[in-house]
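>>> Structure, please.
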Amino acid sequence: MTDRTAPFPHLGRSRGTDFFRIADQLTDEELGYWNTARRFVDDEVLPVIADYWERAGFPRDLVRRLGELGLVGDGIEGYGCPSMSPIATGLVHMELNRGDGSLGTFLGVQAGLAMQSIAMLGSEEQKQRWLPALAKVEAFGAFALTEPTHGSDSVSLETTARREGDEWVIDGVKKWIGNGSIADVVVLWARDDEDKKVKGFLVDPASEGFTAERIDGKGSLRSVWQAQLTLSGVRVAETDRLPGANSFADTARVLAGTRNAVAWGALGHATAAYDIAMDYCSTREQFGKPLVSFQIVQERLVKMLAEVCSMQLYCLRLGRLIEEGALTDTIAALAKMNNTRRAREVIAEGRDLLGGNGILLDFHVMRHMADMEALHTYEGTETIQTLIVGRDITGVGAFV
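Numbering: from 1, shown residues only. Model prediction:
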């Protein structure tokens, strides 16, 4: 970082914002994961991440540390994955996004999509082969569902797979695939030519006919790489097909869990914006006194805090419902929709309170503002989440 933040040496570090004492509801293990992730963000991520983000560099050293710290696993039991409750998992997602949306997105792809696909739908051999290495971040995983012409309507995917003896031949194009250009294994979804059902495969990126082109020019999540994948006659052994993935409903089971993580991630971005604005306004002087001395500034900070607290309570309840086995697609969609929307508003207030400094990467909040745009879109746009909830409460599907 440059000396532009010299008057604000702790800007971005956690203030421990917990007005409703959520920490009192947590187990010692959950608090341990929270503190580990928080220290990692404050001590290792914040000092360097603005540089990575500005030059669109992938922070391999930081993502490797996630494995070393035992933060990658998303609650998967066994196979070298850390034992994490749903709330511990959410707290890790929250803290990583408080530091940087690219790190949070990496974890969402690595653990929430690639690893969960294998854990939920894979064979025992596939789990033993991949989950320990992915949990330690000794290997990178990707999840290839979205296509150039199929995003929100991913159920209509056009990538095809045809059976030839003990192999499958896959053809198609995938887009916006996180980790796609660096992956050691790609969880790829394709439509079976014979029965027209969507099936899942573990694809080796070194396979003949497989190409990955990194997507450049992004104004959001610049420190995690997405790719466009092209598969032309790629051959995959039947033993590398996910045996539990036999229809799009199985794909949807994996996707449903990620909305919970996005709700926690949005909370992390909003918390960062509030913490930054509080620190900045407490120190920055205008007209001879700190900004917090002005009534309008206090009002805006209080409203930001109120939104952060409401998002925290959403997330706490999400974790409890997962523990009880009572989380539904509708609840997850409502939480994702609410938290991403509120986070955008909180971050916009934070950026405005920082004035001109708010657009400098060294002050962090502009980075959160840009990254939040991606969270607002991926794992189902606000419009799609609204329609999921609307269908449930009215009994009428309005997708088309």
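>>> Break down the stretch 201-350 of the chain into its helices, ranges please.
For the stretch 201-350 of the chain, helices defined by DSSP state H, counting those that start in this stretch occupy the ranges 248-283, 295-323, 329-353.
>>> Output the ones you listed in CSV; the columns should cover distance to G233.
All C-beta spots, glycine's among them, are computed from the backbone N, C-alpha and C. Putting these into CSV (distance: least, Cβ to Cβ, whole Å) gives the following:
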stretch, distance to G233
helix 248-283, 23
helix 295-323, 41
helix 329-353, 36
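>>> Please identify the most buried of the ones you listed.
Most buried of those by mean neighbour count (mean count of other Cβ atoms under 10 Å) is helix 248-283; its value is a mean of 24.
>>> Show me how far it is from its chain's centre.
In terms of Cα atoms, centre = their mean, to the nearest Å, the centre of helix 248-283 is set 8 Å apart from its chain centre.
>>> May I have the helix or strand of the chain with the lowest mean pLDDT exported as CSV, CA atoms only?
Least confident helix or strand, the chain: helix 382-394 with a mean of 86, by mean pLDDT, DSSP states H and E. In CSV, the C-alpha atoms belonging to helix 382-394 read as follows (Å, rounded to 0.1, in the frame of the first residue of the first chain):
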residue,chain,number,x,y,z
GLU,A,382,-31.8,-10.8,-8.0
THR,A,383,-34.6,-11.3,-10.6
ILE,A,384,-34.3,-15.1,-10.6
GLN,A,385,-34.2,-15.2,-6.7
THR,A,386,-37.3,-13.0,-6.7
LEU,A,387,-39.1,-15.3,-9.1
ILE,A,388,-38.2,-18.4,-7.0
VAL,A,389,-39.7,-16.7,-3.9
GLY,A,390,-42.7,-15.4,-5.9
ARG,A,391,-43.5,-18.8,-7.2
ASP,A,392,-43.5,-20.2,-3.7
ILE,A,393,-45.7,-17.5,-2.1
THR,A,394,-48.2,-17.3,-5.0
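>>> Packing partners of that helix?
Here helix 382-394 touches helix 329-353, going by 3 or more Cβ pairs under 8 Å, 6 or more residues apart in numbering; DSSP states H and E.
>>> how big is the angle separating the helix it packs on from helix 295-323?
160 degrees (axes from the mean of the first three to the mean of the last three Cα atoms, to 10 degrees).
>>> What segments of this structure are strands?
Listed in chain order, the strands of the chain (DSSP state E) span 141-144, 160-164, 167-178, 185-192, 198-203, 210-214, 226-237, 285-286, 289-290.
>>> looking at those strands, which is buried most?
Ranked by average neighbour count under the criterion mean count of other Cβ under 10 Å, these are headed by strand 141-144 at a mean of 28.
>>> so what strands line up beside that one?
strand 185-192 (parallel) (DSSP bridges).
>>> about what we covered before: can I get the strands of the chain in TSV with distance to R64?
What follows is those, written out as TSV (distance: least, Cβ to Cβ, whole Å):
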stretch	distance to R64
strand 141-144	14
strand 160-164	33
strand 167-178	17
strand 185-192	17
strand 198-203	22
strand 210-214	20
strand 226-237	20
strand 285-286	41
strand 289-290	40
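>>> Compare these and give me the one nearest D279.
With Cβ to Cβ as the criterion, D279 lies closest to strand 289-290 of the strands of the chain, at 11.1 Å.
>>> Output the contacting helices and strands for that closest one.
Partner elements for strand 289-290 (3+ Cβ pairs under 8 Å, 6+ apart): helix 248-283.
>>> Quick one: mean pLDDT for the helix it packs on?
Across helix 248-283, the average pLDDT comes to 93.
>>> packing partners for that helix?
So helix 248-283, by 3+ Cβ pairs under 8 Å, 6+ apart, packs with helix 86-99, helix 101-107, helix 116-121, strand 198-203, strand 289-290, helix 295-323, helix 329-353, helix 365-377.
>>> Need the ones you listed in a markdown table (columns: mean pLDDT).
Shown next, in a markdown table, are those (pLDDT from 0 to 100):
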| stretch | mean pLDDT |
| --- | --- |
| helix 86-99 | 97 |
| helix 101-107 | 97 |
| helix 116-121 | 97 |
| strand 198-203 | 97 |
| strand 289-290 | 96 |
| helix 295-323 | 97 |
| helix 329-353 | 95 |
| helix 365-377 | 95 |
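>>> would JSON lines of these with distance to R162 be doable?
Formatted as JSON lines, the helices and strands packed on helix 248-283 follow (distance: least, Cβ to Cβ, whole Å):
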{"stretch": "helix 86-99", "distance to R162": "38"}
{"stretch": "helix 101-107", "distance to R162": "33"}
{"stretch": "helix 116-121", "distance to R162": "20"}
{"stretch": "strand 198-203", "distance to R162": "11"}
{"stretch": "strand 289-290", "distance to R162": "68"}
{"stretch": "helix 295-323", "distance to R162": "38"}
{"stretch": "helix 329-353", "distance to R162": "31"}
{"stretch": "helix 365-377", "distance to R162": "32"}
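>>> Out of those, which gets nearest to T17?
Smallest distance to T17 across the helices and strands packed on helix 248-283 (Cβ to Cβ): 6.4 Å, for helix 295-323.
>>> Can you spell out which helices and strands pack onto the closest one?
helix 86-99, helix 248-283, helix 329-353.
>>> re earlier: A23 is nearest to which of the helices of the stretch 201-350 of the chain?
Closest to A23 of the helices of the stretch 201-350 of the chain is helix 295-323 (Cβ to Cβ; 10.4 Å).
>>> what angle sits between that closest one and helix 248-283?
Using the same axes, to 10 degrees: helix 295-323 against helix 248-283 is 150 degrees.
>>> now the angle from helix 295-323 to helix 86-99?
Using the same axes, to 10 degrees: helix 295-323 against helix 86-99 is 140 degrees.
>>> Pull the distance from helix 295-323 to the chain's centre.
In terms of Cα atoms, centre = their mean, the centre of helix 295-323 is found 19 Å from the chain centre.
>>> before we move on, back to that, so which bits of the least confident helix or strand of the chain are buried?
382, 384-392 (16 or more other Cβ atoms under 10 Å).
>>> one step back: wait, which of the helices and strands packed on helix 248-283 is closest to S232?
Nearest of the helices and strands packed on helix 248-283 to S232, taken as Cβ to Cβ: strand 198-203 at 12.6 Å.
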